[in-house]
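Trainee: Predicted coordinates and the sequence they were generated for:
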Amino acid sequence: MGNCAQGMRDYFCRTKNTNIRVSLPAVCFVWQIAMIILFGVFIRYDEESDAHWIEFRKEHNISSDIENDFYFRYPSFQDVHVMIFVGFGFLMTFLKRYSFGGVGFNFMIASFGVQWALLMQGWFHSLDPATGKIYIGVESLINADFCVAGSLIAYGALLGKVSPVQLLVLTLFGVTLFAVEEYIILSLLHARDAGGSMVIHAFGGYYGLAISWVLYRPNLHLSKRLNGSVYHSDVFAMIGTLFLWMFWPSFNSAITDHGDGQHRAAINTYIALASSVLTTIAISSMSQKTGKLDMVHIQNATLAGGVAMGTAAEFMITPYGSLIVGFCCGIISTFGYLFVTPFMEKYMKIQDTCGIHNLHAVPGMLGGFIGAITAAAATESVYGVEGLRNTFDFEGEFADRTVGTQGGFQAAGTCVAIAFGVVGGAIVGIILRFPIWGDPADDNCYDDEVYWEVPEDEETIPPVLEYNNHMIHKHQDISESNFSVEQS
Amino acid sequence: MGNCAQGMRDYFCRTKNTNIRVSLPAVCFVWQIAMIILFGVFIRYDEESDAHWIEFRKEHNISSDIENDFYFRYPSFQDVHVMIFVGFGFLMTFLKRYSFGGVGFNFMIASFGVQWALLMQGWFHSLDPATGKIYIGVESLINADFCVAGSLIAYGALLGKVSPVQLLVLTLFGVTLFAVEEYIILSLLHARDAGGSMVIHAFGGYYGLAISWVLYRPNLHLSKRLNGSVYHSDVFAMIGTLFLWMFWPSFNSAITDHGDGQHRAAINTYIALASSVLTTIAISSMSQKTGKLDMVHIQNATLAGGVAMGTAAEFMITPYGSLIVGFCCGIISTFGYLFVTPFMEKYMKIQDTCGIHNLHAVPGMLGGFIGAITAAAATESVYGVEGLRNTFDFEGEFADRTVGTQGGFQAAGTCVAIAFGVVGGAIVGIILRFPIWGDPADDNCYDDEVYWEVPEDEETIPPVLEYNNHMIHKHQDISESNFSVEQS
Amino acid sequence: MGNCAQGMRDYFCRTKNTNIRVSLPAVCFVWQIAMIILFGVFIRYDEESDAHWIEFRKEHNISSDIENDFYFRYPSFQDVHVMIFVGFGFLMTFLKRYSFGGVGFNFMIASFGVQWALLMQGWFHSLDPATGKIYIGVESLINADFCVAGSLIAYGALLGKVSPVQLLVLTLFGVTLFAVEEYIILSLLHARDAGGSMVIHAFGGYYGLAISWVLYRPNLHLSKRLNGSVYHSDVFAMIGTLFLWMFWPSFNSAITDHGDGQHRAAINTYIALASSVLTTIAISSMSQKTGKLDMVHIQNATLAGGVAMGTAAEFMITPYGSLIVGFCCGIISTFGYLFVTPFMEKYMKIQDTCGIHNLHAVPGMLGGFIGAITAAAATESVYGVEGLRNTFDFEGEFADRTVGTQGGFQAAGTCVAIAFGVVGGAIVGIILRFPIWGDPADDNCYDDEVYWEVPEDEETIPPVLEYNNHMIHKHQDISESNFSVEQS
């Protein structure tokens, strides 16, 4: 028994080997080939992206090509796409020597994740039982981007401490769990969550925190020297912050109802975000002796209003209601960065590199409950009879649901999202502890050197002559590198 | 009397105290709470973003959701939004140690300003006298972004020399003045100014210059060492330049008439901007001994064509007319950077950090007059009878206005904008001279250290072991920082 | 004879003079003035951007302003615009000391090129024989952006080795050649190429490679020290990569058919790009001893799927077909960076700075043939009768063309594009060898110092006092610079 425990400890704590030359390509190829086969079996164009559209249009008396869903959603889709790849990616470049990993692994996760999401979400939401096919259109692309956001949020907690192979595993399970919880929340509970406060942010936040808790590194202080920013890395991170901030109205309105639904969601989100910025600045300034601002707060807590409006944005929450949500969440999120993140690291063994607890987990949870309250408070005088039915989709088997009941189901949805995040994250965390994934040692975290060819930095470029002898021309000499030597 | 003057001088020139730990949070909270109350009293969704839209649609025989104004304007809105936050923000990151302030305070100003703008513009333009409410939709959001652009331009002249509290005061008054002059120009004079050559650029430019004149710092040369760029800060600034440049067609077409109005404004602006780039490069190259280009010119003067087309873009100025406008403004603006900015600093006591005189004030003024000339030259054969009425909105009490008269009112509008900028700026400048706002001393300008927690820069990262002892982990140790100590 | 050869060699190899103070402004002014004259003679608004639109709408029974082509294409246009200016521009900032040149000359080329493209494409595609005018709308702007992409690709091969004057000449001829080959491929051969695999990428790639071959520099190793990246320049380049990657679905769908055409092209491209990322990462990781990733591959090869889908994106290639295209092209492109680029440099005298061979030339060529195969495999059951006719435009004189024939013409189009690239590039290369263009010496390449005022880099900013004496305030002292001295 003691031997067994000792054996397990040895197994899990053996010296780290970050060589991923076999595992990373193997995983990439296996999964990409699996995607091709599964896409071949399951995925087809929907009627609006199929060449038969012209016939479909005539049959359904659609007067113009402009009523193709493409024109309702494509601008929002592209904004969401920018948030996923540039927004999340650059937000994670803030570390002084992990910018490649921040933006590069984000790129990898998202590219793999959207493919798997098209399948998982398709199976759960749009599998045609008659043909056994999934029909995709622009809304499917938006949903795939949304789905992968959950895993990207989780990556935020783990930034600098995991290997790319672990990230691909995390994404595979993250997308799977997402599709299931989304199915339960949106289809079974029939909750509304257009901007994903619950299904994306609360789930993704707790998923990442739970994994981080399982992967706790007691000696992470050995990498302290690299866990911080430099001047220009903070400016890079602002690119991510601003693209997230600016396009959040598109995020929350991308898949809401055509017409007033999209319009209102964009307005509410815009207003809530503006309010978050002011209170973030206020709290950040109060926290320092001379009132200086902290870039960590400006980069993150300013976005809390958008997260918290994810559910309620499409409801008639009113413009001042949106302001209040942004006001409170800016404060809560900044306090989180000041007190909760350090507290969790010290006493709860949760190391949360980007502070996703304060930006996603808590505002997402709050957003779920704000949505529940707003739904429960809905009235026919405010929404109109048809407006109420449309907004909450009280149709079919849900035609008789009252707004009070709807509020209850919204709240229940939030709990489901958190439960999936915590339990799912704990299980995935255990899988990721196996010492086969190539993660870095405790004194080697937050360092691009581990997984990237990093150029030598020479801010002062030496004179011409003495340099030509020992500099290596990257492109030219690469053919003599290890790979080709082994090949020959 | 002498004592009094002496006393005043002492008052205004006492040692600078940049501690804003009380004033910044206080202002943020007071204003944000005021916004919540005023939004609660005044602001409601308009019929296109209200849940009653579905009933409104049927009543007004609107055939499809796609005719909601959201789908006409939302893509342009998002482009404008990017210009305000990333465009203006990154354009101001060019200083070597003021990138945080450039992009961060821009973010703060804009987020506060859009809220106040929704109210001010609402009161002046869309207050429903029957209900006493302001009804907002996507066009209101665009207008709010436009309104705040005036204050952001003014910030350009003051970059690095003012405190965030001063910037919030500048924005409060800037937005207020903007709403008034816009009301006079667009409603009373019935001038057209879709892209805001007059109401945004000429006003904002002269507003900033007038404030800068009042806040003249005779010993600013003490901060000379920081008033310049480094290599990578210039590249960051190009992000701002390019996003402004690319999306300027959306800026000038965002609130023009549906259909040909938006279409034409985008084309004209696109063409004028292309032309500006070439002449800017030509003049910049001519100004140096060996024909080298100056990044200051490329970052700024290339945009002059977009500013100058702000009024005329929606008119039938013709494609070659647009080319000529861009051609001339690229030259004028570059000459401004070469000669006028240094001249103004030396002889007129106007210190203009970003050169807004050359990019906004003068091209904006020219744009106003170009618009006046284009309007006066309009004919029914070029516009068509209905086209002329639509383009210049010759309806209601203005149904009988001739194009000549319209040209006169356009020119008058330009003068109104400049007058508001100069007079308003002088008054606001005096307010900002009170020594209570926490602005930096003359030898401490252009420095993020004053208002931001700046990370220590270590391009050469030392070896692992020796570092762990004295490095401070930002997140982890923040709980022991000054704020929490005082709390306990 | 020997004397003559010697004389020619002397002429072409005389000491380089990079002074472009006369030539650059002269070329800019001459060409910009020519543009104004030609625009004045030829270019007018089309019926959708003309003020007569309101009458046109009524005559043609167009029910709403939303059916103006502007609303179908403007969001895609802006995405394409971002790709051209930020995408291509920032992708070329990866060199440690050529970021100004990368993004700045890209800006110059594109701004000049789009003007010339509006004319050239207008003459070939939309000259109205009745009036002798070219009528432009938003689709013309997209096409102009596309056209200039060919020259920007060519710039990629020459990055750091040519003068801005050479680049303007390259663009003048590049746009001209483009318009001709596009006319042959799209109009005479009646091939489809919405995203330009053939007309943009294959042409642009081979055009650049041919020029680079003629301009071969045997002693380029003397500039080796600057032919590489630094940490932050690689992060800047990722901005370019990501904006290209994200907006490629808009690129390939921007000018396809309204409705299902745009919808399907966006979906196919999205899917192909996701697949490219995974295989690029796999091959990149395999190529290094410990599985590290190379930024060069991530920045470039991830985009190969988008290039290769340029022709087939609007066809019914199926989602899994798109995955397979991305899968293969990610592999091929990465192998190209590993082996082909160094091979070409060593044995074929082609110095290809950005590796356009692997990102544009080969994937573009493959994309042309993929399009041919997909076209040849089209059936009425997959497309529908009307869908087939619409997709391949089997109308008018081409009404009877079979899909097999169409496939043949598609393949022929690819060959035409390559031939134009190779032959045109060789000729333009010879023109660019004349020693009058101010290109840099072999030991002076990849260096912004040659054509730009570069700020002195001081990462460690010295204390206040000692600095004020010798630092030069850029704006203030510029009036004493060479230019004004000569003027006075």
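Mentor: Now that the structure is in, tell me what you want to look at.

Trainee: what's the residue nearest to A:Lys133 when sequence neighbours are not counted in contact with, if anything?
Mentor: Nearest in space to A:Lys133, with sequence neighbours left out and distances taken as Cβ to Cβ, 6 or more residues apart in numbering or on different chains, is A:Arg44 at 4.8 Å. Placement of C-beta: from N, CA and C, glycine included. Neighbouring residues of A:Arg44 by Cβ atoms under 8 Å, 6 or more residues apart in numbering or on different chains: A:50, A:133-136, C:318-319.

Trainee: Which helix runs longest in chain A?
Mentor: Identified as the longest helix of chain A according to DSSP state H is helix A:403-433.

Trainee: Looks to me like the residue nearest to A:Lys133 is in a helix.
Mentor: No: going by DSSP: H, G, I helix; E, B strand; the rest coil, the assignment for A:Arg44 is strand, not a helix.

Trainee: pLDDT value on it, please?
Mentor: Listed pLDDT for A:Arg44 reads 95.

Trainee: how much space between it and A:Leu141?
Mentor: Separation of A:Arg44 from A:Leu141 (Cβ to Cβ, to the nearest Å): 14 Å.

Trainee: ditto for A:Phe105
Mentor: Applying Cβ to Cβ to A:Phe105 and A:Leu141 gives a distance of 22 Å.

Trainee: neighbour-wise, which of these two wins?
Mentor: Between A:Phe105 and A:Leu141, counted using other Cβ atoms under 10 Å in any protein chain shown, A:Phe105 has the larger neighbour count: 28 against 25.

Trainee: That one reaches A:Leu167, doesn't it?
Mentor: Yes: assessed by Cβ atoms under 8 Å, A:Phe105 is found in contact with A:Leu167 at 5.6 Å.

Trainee: Next, show the common contact partners of the two.
Mentor: Common contact partners of A:Phe105 and A:Leu167 (Cβ under 8 Å, 6+ apart): A:Tyr155.

Trainee: Let me see the ranges of the helices in the stretch 251-400 of chain A.
Mentor: A:260-286, A:295-300, A:304-308, A:319-335, A:341-347, A:356, A:362-376, A:380-383, A:385-392 (DSSP state H, counting those that start in this stretch).

Trainee: how far out from the middle of the chain is the fifth one?
Mentor: The reference is to helix A:341-347. Centroid separation for helix A:341-347 versus its chain: 23 Å, with Cα atoms, centre = their mean, to the nearest Å.

Trainee: same check, this time on the last one
Mentor: On the basis of Cα atoms, centre = their mean, helix A:385-392 is displaced by 30 Å from the centre of the chain it belongs to.

Trainee: May I ask which helix or strand encompasses the most centrally placed residue in chain A?
Mentor: When Cα atoms, centre = their mean is applied to chain A, the residue found nearest the centroid is A:Ala149 (2.4 Å). A:Ala149 belongs to helix A:138-158 when assigned by DSSP states H and E.

Trainee: Name whatever forms a beta bridge with the residue nearest to A:Lys133.
Mentor: Note on A:Arg44: beta-bridge partners A:Tyr135, judged by DSSP bridges.

Trainee: Give me the below-cutoff pLDDT ranges for chain A.
Mentor: Scanning chain A for pLDDT under 70 picks out A:1-14, A:457-488.

Trainee: let's see 50
Mentor: A:1-2, A:459-488 (pLDDT under 50).

Trainee: Keeping just the C-alphas, turn the helix or strand encompassing A:Ile211 into CSV.
Mentor: Element membership for A:Ile211 (DSSP H and E) is helix A:203-214. Written as CSV, here are the backbone C-alpha positions of helix A:203-214 (Å, rounded to 0.1, in the frame of the first residue of the first chain):
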residue,chain,number,x,y,z
PHE,A,203,-18.5,27.2,-17.3
GLY,A,204,-15.2,28.2,-18.8
GLY,A,205,-14.1,30.1,-15.7
TYR,A,206,-14.8,27.3,-13.2
TYR,A,207,-13.5,24.7,-15.6
GLY,A,208,-10.1,26.4,-15.7
LEU,A,209,-10.0,27.1,-12.0
ALA,A,210,-10.7,23.4,-11.2
ILE,A,211,-8.0,22.2,-13.5
SER,A,212,-5.6,24.7,-12.0
TRP,A,213,-6.5,23.5,-8.6
VAL,A,214,-5.7,19.9,-9.5
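
Trainee: ok, back up a step: so for chain C, which of the helices of the stretch 251-400 of chain A sits nearest?
Mentor: helix A:260-286 (14.1 Å; Cβ to the nearest Cβ).

Trainee: so how far is the closest one from its chain's centroid?
Mentor: Distance of helix A:260-286 from its chain centroid, counting by Cα atoms, centre = their mean, is 19 Å.

Trainee: relative to helix B:138-158, how tilted is that helix?
Mentor: Put simply, helix A:260-286 runs at 30 degrees to helix B:138-158, going by axes from the mean of the first three to the mean of the last three Cα atoms, to 10 degrees.

Trainee: Helix A:260-286 near chain B at all?
Mentor: Yes: Helix A:260-286 is in contact with chain B by Cβ under 8 Å from any Cβ of the partner chain, via A:260, A:262-264, A:266-267, A:270-271, A:273-275, A:277-279, A:281-283, A:285-286.

Trainee: Get me the contact residues on the stretch 201-350 of chain A for chain C.
Mentor: A:232, A:236, A:239.

Trainee: residue boundaries of the helices in the stretch 1-150 of chain A?
Mentor: So, for the stretch 1-150 of chain A - with DSSP H, counting those that start in this stretch - the helices run A:2-13, A:23-42, A:53-59, A:69-82, A:88-91, A:99-125, A:138-158.
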